[in-house]
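1. The sequence and its predicted three-dimensional model are supplied below.
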Amino acid sequence: MNVTEKYGRSVDEAVALCLEDLGVSRDEVDVEVLDEPSRGFFGIGSKLALVRVTKKEAPKKPEEIKQEIEKEIEAEISRPDVVKKQVEMAAAKKEAPKAETGEREPRERKRERNRKDNNRKRRDRKDRGERNVKRDYEKLASEVDPIMPIVDEAALTPLTEHVSITFVENLVKEMGLDIQVSAKTDGKDIFLYLDGKDTGSVIGKFGSTLDAIQYLASLVVNKEGGEYVRVVIDAENYRAKRERSLEKLALRLADKVVKSRRSYKLEPMNPYERKVIHATLQKDPRVTTRSEGQDPYRRIIIELS
């Protein structure tokens with residue numbers, strides 16, 4: 001085995017596991033960091049480091065390279081068919097009369113013309129394939145139903161005082177972020193909207209910080225028990241944008257799986273994002289999806305049907 005991949009709490013730990021697996025030292029391998037570790041926010045959204053370690057090939061000595069070349073040349077010129085062909089070509093070149101102008105197309109020009117024709121045919125086939133893929137992609141995308149429930153803003157009632165508002169306001173203040181919090185309700189669920197110059201920071205990478213705040217707010221609201229109240233926190237309409245981005249990613253990867261005939265493993269996602277991927281590809285008969293691993297490192301695998 002010359003290549004291995006390992007997870008670890010840090011890059012060094014993952015590399016050490018790979019070195020132990022391969023039985024080599026650090027200077028005998030090349031290291032590629034596939035995923036940087038992340039501590040997340042309050043432990044939520046954390047990621048392990050993932051590295052790929054490959055054994056270095058021992059450089060050949062000049063004497064070995066020279067011997068290999070000499071052996072190849074000797075083997076080639078010693079073949080009877082090669083010697084015979086070379087003799088025939090030399091004789092034909094010596095005896096063949098020069099072609100008169102206008103008698104027939106020179107061989108080199110004919111080869112060049114055939115090469116250009118073949119290249120043009122390959123481009124035409126590629127263009128047709130890309131047009132078919134785009135048509136199928138757009139058809140599937142138009143049939144995907146939204147996972148995030150569509151809320152009628154006109155049916156919501158503004159909410160000025162609530163434990164979730166107080167909690168989120170205090171939290172972003174402690175984080176040193178310039179964020180304003182507003183809220184609405186449909187009589188049961190709570191919808192919080194964050195706005196301000198630091199919304200990019202409060203969203204985080206792939207919405208990880210926003211998910212963490214929403215999770216904590218939900219715990220605070222429902223800690224007394226009773227009927228469960230769903231808390232949804234959004235900033236700059238990120239939830240809808242992320243859903244559309246995941247739908248496009250799912251369709252693009254499904255097409256990649258079909259073309260390569262190989263399964264594809266996505267990065268770890270939270271339950272909501274995995275649900276978007278599963279639901280998007282349910283209507284694609286070419287592929288199937290499944291999940292593996294444990295949260296927060298549970299991920300989706302897209303495979304051929």
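-> Everything's here; your move.

2. any idea how far the spatially closest residue to residue 267 that is not a sequence neighbour is from residue 46?
-> Leaving aside its chain neighbours, residue 267 sits nearest to residue 299 (6.3 Å; criterion: C-beta to C-beta, 6 or more residues apart in numbering). C-beta here means a position set from N, CA and C on the backbone, and glycine is covered the same way. Separation of residue 299 from residue 46 (C-beta to C-beta, to the nearest Å): 14 Å.

3. what's the answer for residue 189, then?
-> From residue 189 across to residue 46, the span is 28 Å (C-beta to C-beta).

4. Please apply the same query to residue 277.
-> Taking C-beta to C-beta, one finds residue 277 at 21 Å from residue 46.

5. Comparing the two, which shows the higher neighbour count?
-> Between residue 277 and residue 46, counting by other C-beta atoms under 10 Å, residue 277 is the more crowded of the two (23 against 16).

6. from what I can see the more buried one touches residue 298, true?
-> No - if you go by C-beta atoms under 8 Å, residue 277 and residue 298 don't touch, sitting 11.8 Å apart.

7. Show me whatever sits in contact with both of these two.
-> residue 269 (C-beta atoms under 8 Å, 6 or more residues apart in numbering).

8. So which residues of the stretch 51-200 of the chain form strands?
-> Per DSSP state E, counting those that start in this stretch, the stretch 51-200 of the chain carries strands over the ranges 157-159, 180-185, 190-195.

9. Output the contacting helices and strands for the shortest one.
-> Here strand 157-159 is seen to pack against strand 180-185 when contacts are counted using 3 or more C-beta pairs under 8 Å, 6 or more residues apart in numbering; DSSP states H and E.

10. Within the sheet, what are the partner strands of the strand it packs on, with directions?
-> The sheet places strand 180-185 alongside strand 157-159 (antiparallel), strand 190-195 (antiparallel), with pairing taken from DSSP bridges.

11. if we look at the shortest one, which residues are touching it?
-> In other words, strand 157-159. Identification of contacts with strand 157-159 by C-beta under 8 Å, 6+ apart yields 165, 182, 183, 184, 185, 186, 187, 190.

12. what do you get if the cut-off is 6 Å, keeping everything else the same?
-> Contact partners of strand 157-159, identified using C-beta atoms under 6 Å, 6 or more residues apart in numbering, comprise 183, 184, 185.

13. Pipe those into TSV and attach distance to residue 205, pLDDT and neighbour count per row.
-> TSV is the format used below for the contacts of strand 157-159 (distance: C-beta to C-beta, whole Å; pLDDT from 0 to 100; neighbours: other C-beta atoms under 10 Å):
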residue	distance to residue 205	pLDDT	neighbour count
183	25	91	20
184	27	90	16
185	29	89	16
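
14. follow-up on the earlier one: rank the strands paired with strand 180-185 by pLDDT, which is bottom?
-> For those, mean pLDDT drops lowest on strand 157-159, to a mean of 88.

15. Show me which positions of it end up buried.
-> The neighbour-count check on strand 157-159 (16 or more other C-beta atoms under 10 Å) flags nothing as buried.

16. Repeat that for stretch 218-233.
-> Buried residues in stretch 218-233, counting neighbours by 16+ other C-beta under 10 Å, are found at 218, 221, 231, 232, 233.

17. Name the nearest of those relative to residue 257.
-> residue 232 (32.2 Å; C-beta to C-beta).

18. From the structure, what's the count of residues near the residue nearest to the closest one when sequence neighbours are not counted?
-> Excluding its sequence neighbours, the residue lying closest to residue 232 (C-beta to C-beta, 6+ apart) is residue 191, at 5.1 Å. Counted with other C-beta under 10 Å, residues neighbouring residue 191 total 19.
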